[in-house]
Each structure stands twice: as structure tokens, then as C-alpha cells.
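**Q** Fold the stuff below for me.
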Amino acid sequence: MLTLSTVRTSRPPIGHRIDINGRGTWVHKTGQGDPAVIFVPGAGSFGLDFALVQERVSEFATAILYDRAGTGWSDDAELPRSTTEVTDELRTVLQATAGPPPHVLVGHSLGGAYVQRYAQRFPDEIAGVVLLDPAHEDWNL
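**A** Next up is the predicted model:
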């Protein structure tokens, strides 16, 4: 029987894991060219959900998929996590994989909230933001 823990401990079909703050974080980088484009999945998604789009983007730019801590092939994380924790993690992933900023961030659903927070915190590191059915900033209201 295939379980989530089996999936997380198995070798992913593509990509590899890097150490981000002592936690194994799955990334898959393709293509080359600036600015780098990184896909930030929503709460029920993971990096491979964007593999087909990544393939097309990698024809003209560096394209990066990743799984946030606690999702996909990345190690677990204690919940809840603040947007500061998630955007710090994303920044470290970018520093390790994407080359120098600025970058284009593509955020889906909850990933859209993380992308917007990243742009607020680190505006000089952003070339553009793409929001795909993003979570609204007034979600909790």
C-alpha cells in the first residue's frame, strides 16, 4: 500500500533534495536564463503539479519547482507556520538555486499569499508576480 510517508521517503521521479535550515527540501530546476521563475504551490498542491508549465517556461528562462516544508518530497514541518517562516524558507531556496535576483514568483492559491508576502518583504528581489487563483489577503476576515 502506498502511503504519504512512503512517497516522502522514496526517491522523487525528478529533481533532488537540498538542505534548507536542516530540513530536506525538494527542488527541480530546468532551463536557463533570467529572470528565474519559481512556482509556489497552494495548500493542496505540490511542485510537480506545475511540471508541464515549468517545461514550457524552461524554454526561455530558468524554471524552478519546489515543495514547501511539510508538502510533497520535502521533510515535515510543525504547523502552523507563519508567512515569515515560509517566505524565509523560499528566500533560502532561491538563494541556493535561482542565482541572483530579481525573480518572477508564480503563486497558486495559498502560494499566492506567500508570493505577495515575499514581494512585500523583499521588493528589490522581485521582477514580477503571477497569481493563479490566489488566496485573498482578507481570507481570515
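**Q** show me where the chain has helices.
**A** 4-9, 51-57, 83-97, 110-121 (DSSP state H).
**Q** for the chain, which spans come out with low pLDDT?
**A** For the chain, the stretches with pLDDT under 70 are 1-10, 137, 139-140.
**Q** mind listing what the most centrally placed residue in it touches?
**A** Central residue of the chain (C-alpha atoms, centre = their mean): Val40, 3.6 Å from the mean position. Taking C-beta atoms under 8 Å, 6 or more residues apart in numbering, we find Val40 in contact with Tyr66, Arg68, Leu90, Leu105, Val106, Gly107, His108, Gly111, Gly112, Tyr114, Val115. All C-beta atoms are positioned from the backbone trio N, CA, C, and that covers glycine.
**Q** Just the buried residues of these.
**A** Among those, those scoring as buried are Tyr66, Arg68, Leu90, Leu105, Val106, Gly107, His108, Gly111, Gly112, Tyr114, Val115 (criterion: 16 or more other C-beta atoms under 10 Å).
**Q** Those residues: which two are farthest apart?
**A** Spatial extent of the buried ones among the contacts of Val40 (C-beta to C-beta) is set by the pair Tyr66 and Gly112 at 15.5 Å.
**Q** which one of the buried ones among the contacts of Val40 sits closest to Pro35?
**A** Leu105 (9.8 Å).
**Q** Next one: the spatially closest residue to Pro13 that is not a sequence neighbour relative to Thr71, how far apart?
**A** Excluding its sequence neighbours, the residue lying closest to Pro13 (C-beta to C-beta, 6 or more residues apart in numbering) is Leu48, at 7.9 Å. According to C-beta to C-beta, to the nearest Å, Leu48 and Thr71 sit 11 Å apart.
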